[in-house]
Each structure stands twice: as structure tokens, then as C-alpha cells.
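S.K.: Pasting a predicted model and its sequence here:
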Amino acid sequence: MNTTSTSFQEWFDKKKENGLTDFKLAISSTDVPNREVQAELMNIQALVDGNRTTKLPSQSVSVSKKADEIICRRIGDM
Amino acid sequence: MNNFNYFRDEAIKQAKNIYDKLESHNKMLREAKENINAGSPTWEIRTPIYDPINTENQVNAITLCRKLIEDSNLNIIPVDTVSKSVAAHFEQYTISDSQYTYDITLTKHNYCLTRFYLCKELLHIFLHTPESSTTEHLELVKLIAFLIDTYISIDDKDCQTRVDHAAYFGAIELLIPSTLVPALIKARNDIDNDGELTDSGNLEIARKLGVPEYIVEFRLSEVGQEIYNSALS
């Protein structure tokens, strides 16, 4: 994988100049072709700076009532 | 017992134990990946992590974050961007010898996946050491390559990749505490054997706990149990 583009390296080096002492990331899928991952990594800066929101996702589906009772009963038996 | 401290300490303990024994765990994890076929859930839910000491008091990932925000300089940055591959990333900045700020950026996923990736990145706060930090561009490239294809470096001794493995394990512990697993296995079997319920036990538990279904399947599998049991021993 080639992620050594100048813009990405410059962006990362700039963070280091600003005091960065660790950088980790989570990849959500290994099914995406490497070049697409690379393209997205180039856009990390845009991810951070361009689309900030205050909203975290919320619920839309819940456990069925009977399954909920079973789970709660088993946990209650502990 | 304080809920926040309990979950945090358990997750850190698990993650560190697994970090120390990572080589043998890697083999089991690889086998688990090959044998587990559950897809990612398409639903979004909100269910708190259970407190096994007192189930009326519940702790969730947001509570954990708020506590960390109070205790440290942590910024959670959700972005309204769908990403095929980059789920989240963690940045640590040094203010002084003992003071840091942390930024965790989360791309748009459903509730369960968001919780999972958030917990994984949170673990980096606890697991950080100077030896495991990623500050050089080439280290980051190597880490990204590892994350995209774990098979190329499954036995890697590199500190950055070991910590990343441990963070995933710790995140699972944070979301599905080991103390709950025996009860959850019984509940899963009850649900699977119930003639009226149509969805699988793993899926119903995933909905209840707010955890991706494939994580529940892994954690309750024999391989998952073996990994975590050996980490506790």
C-alpha cells in the first residue's frame, strides 16, 4: 500500500509539529480495495475539518419483548 | 462499586493481559475470523452496558466519555461523513510532561458500530506508552497496512500493532463484560430454542447490548471464550 503522498505526509508532519504524540485509527472494513482506503486516508483532514456535527447516532430498533425478558432473567440469575 | 471505574478497570485489565499473551491469541483470533460469518447489523439501537453488580445502575459509552471529558482533555468529534473504510481515529497531543489532550473522530456508522469504534479508540488512552505511540509517517503507513490486512502481519511483534489488537479486545470487554458472558450464553441458547422467537439469540443480545452482532457472535463463541478465559488466568 502506498500512502506516502506528499499531501498526506505534510498533513501528518504538521500534526507532529503541533505536539502529536500518538495517532491510531480504526478501519471498518477489510473488503475495501487498498486504493480506496488510500483515497479516504487522504481525506482524513476533510473528515475532521469539513463535516463536524454534534449528533451521535440513535436507536431505531429494539430487542423483542420476550427476548428481553429472557436476557434479563438470565442476567438476574447470576 | 463505582460503575465507571469498574468497567474501565476491567477493560484495561483484559486488554493488558491479552497484550501480554498476544501471540497465542492471534492464532485463535484468525481461526475465529475464518469461522464466523455473521454480517454487520443494519439497525441502530440504544442499550446501555450492564452493570453486573447492580443492573439498575447502567453505564454506557457516552457516560464513559463524559467522565473522561471531565477527568481529562478528551474531545469526541463525530463527523457527518460516511466512510467505507476509516471508522475512527485517535490523536494524542502532549501539553506538558504529564498532560495530554485527546481527540477521537468518529465517522458516520450505525449506533452499535459507533459504540464499538468509540470504545476501541478510548482504549488507546489507557494503553498508550511511548513505545507504542505512532508519531512517524512510516509507522503510520505500516499500521494502516496491518489494519487493512491483518494476515500480512498477524504475528507482528511491532508495538503499535500489538496495542491496536489489545484495544480491540479491550473494547469488546468494555461492551460485553466477561462477568456477563455465562448468562448471555444461556440466554442465547434459550432464545435459539424458543419456538416463538424468529431472530437468533446472538442478534437479540446484540440489540439488547447495543453491540454489533458479529462481535456478540465472536465473544460468545468457543474461540472467543477461550481467548478471554486465558487472558483472565
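M.R.: Good, I have the coordinates. Residues are numbered from 1 along each chain as shown, chains lettered A, B, ... in the order given.
S.K.: B:L143 and B:T134 touch, don't they?
M.R.: Yes - assessed by CB atoms under 8 Å, B:L143 is found in contact with B:T134 at 5.7 Å. Glycine gets a C-beta too; all of them are placed from N, C-alpha and C.
S.K.: who's more crowded, the two?
M.R.: A direct count of neighbours by other CB atoms under 10 Å in any protein chain shown for B:L143 and B:T134 places B:T134 higher, at 28 against 22.
S.K.: That one contacts B:L140, doesn't it?
M.R.: Yes - counting by CB under 8 Å, B:T134 does reach B:L140; the two are 5.3 Å apart.
S.K.: what's around A:A26, how many residues?
M.R.: Residues near A:A26, counting by other CB under 10 Å, number 25.
S.K.: and if you look at B:H137?
M.R.: B:H137 has 18 neighbours, counted by other CB under 10 Å.
S.K.: before we move on, the earlier item: now do the shared contacts for B:L143 and B:T134.
M.R.: Counting by CB atoms under 8 Å, 6 or more residues apart in numbering or on different chains, the common neighbours of B:L143 and B:T134 are A:24, B:160.
S.K.: How about the secondary structure of B:K108?
M.R.: Under DSSP: H, G, I helix; E, B strand; the rest coil, the three-state class of B:K108 is coil.
S.K.: In space, what's closest to it - neighbours in sequence excluded?
M.R.: B:V82 (5.0 Å; CB to CB, 6 or more residues apart in numbering or on different chains).
S.K.: Now for the chain, the helix or strand with the poorest mean pLDDT.
M.R.: Unless you meant another one, I'm taking chain A. Here the helix or strand of chain A ranked lowest by mean pLDDT, DSSP states H and E is helix A:44-50, holding a mean of 61.
S.K.: Chain B, not that one
M.R.: Here the helix or strand of chain B ranked lowest by mean pLDDT, DSSP H and E is helix B:22-35, holding a mean of 49.
S.K.: Strands of chain B, start to end?
M.R.: Using DSSP state E, the strands of chain B run over residues B:73-78, B:86-94, B:100-106.
S.K.: Specify the stretch among the ones you listed that is closest to B:H124.
M.R.: The stretch from the strands of chain B with the least distance to B:H124 (CB to CB) is strand B:86-94; that distance is 4.7 Å.
S.K.: got the angle between the closest one and strand B:73-78?
M.R.: Put simply, strand B:86-94 runs at 160 degrees to strand B:73-78, going by axes from the mean of the first three to the mean of the last three CA atoms, to 10 degrees.
S.K.: List the buried residues of strand B:86-94.
M.R.: Buried residues in strand B:86-94, counted by 16 or more other CB atoms under 10 Å in any protein chain shown: B:86-93.
S.K.: what is the rounded mean pLDDT of that strand?
M.R.: The pLDDT scores in strand B:86-94 average 87.
S.K.: who does that strand pair up with?
M.R.: In the sheet, strand B:86-94 lines up against strand A:20-27 (antiparallel), strand B:100-106 (antiparallel) (DSSP bridges).
S.K.: Of those strands, which stretch is the most buried?
M.R.: The highest mean neighbour count among these, using mean count of other CB atoms under 10 Å in any protein chain shown, belongs to strand A:20-27: a mean of 23.
S.K.: Format the CA atom coordinates belonging to it as PDB.
M.R.: Provided in PDB are the C-alpha atoms of strand A:20-27 (Å, rounded to 0.1, in the frame of the first residue of the first chain):
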ATOM      1  CA  LEU A  20       1.100  15.000  18.300                       C
ATOM      2  CA  THR A  21       2.400  12.100  20.300                       C
ATOM      3  CA  ASP A  22       0.200   9.300  19.100                       C
ATOM      4  CA  PHE A  23      -2.100   8.600  16.200                       C
ATOM      5  CA  LYS A  24      -4.200   5.500  15.800                       C
ATOM      6  CA  LEU A  25      -7.200   4.600  13.600                       C
ATOM      7  CA  ALA A  26      -9.800   2.000  13.200                       C
ATOM      8  CA  ILE A  27     -10.500   0.500   9.800                       C
END
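S.K.: which residues are in contact with it?
M.R.: In this structure, residues lying in contact with strand A:20-27 by CB under 8 Å, 6+ apart are A:12, A:15, A:37, B:85-94, B:100, B:117, B:120-121, B:124, B:128, B:132-135, B:140, B:143-144, B:147-148, B:160, B:163-164, B:167.
S.K.: try 6 Å
M.R.: Residues from elsewhere that reach strand A:20-27, judged by CB atoms under 6 Å, 6 or more residues apart in numbering or on different chains: B:85, B:87-94, B:117, B:120, B:124, B:128, B:133-134, B:147-148.
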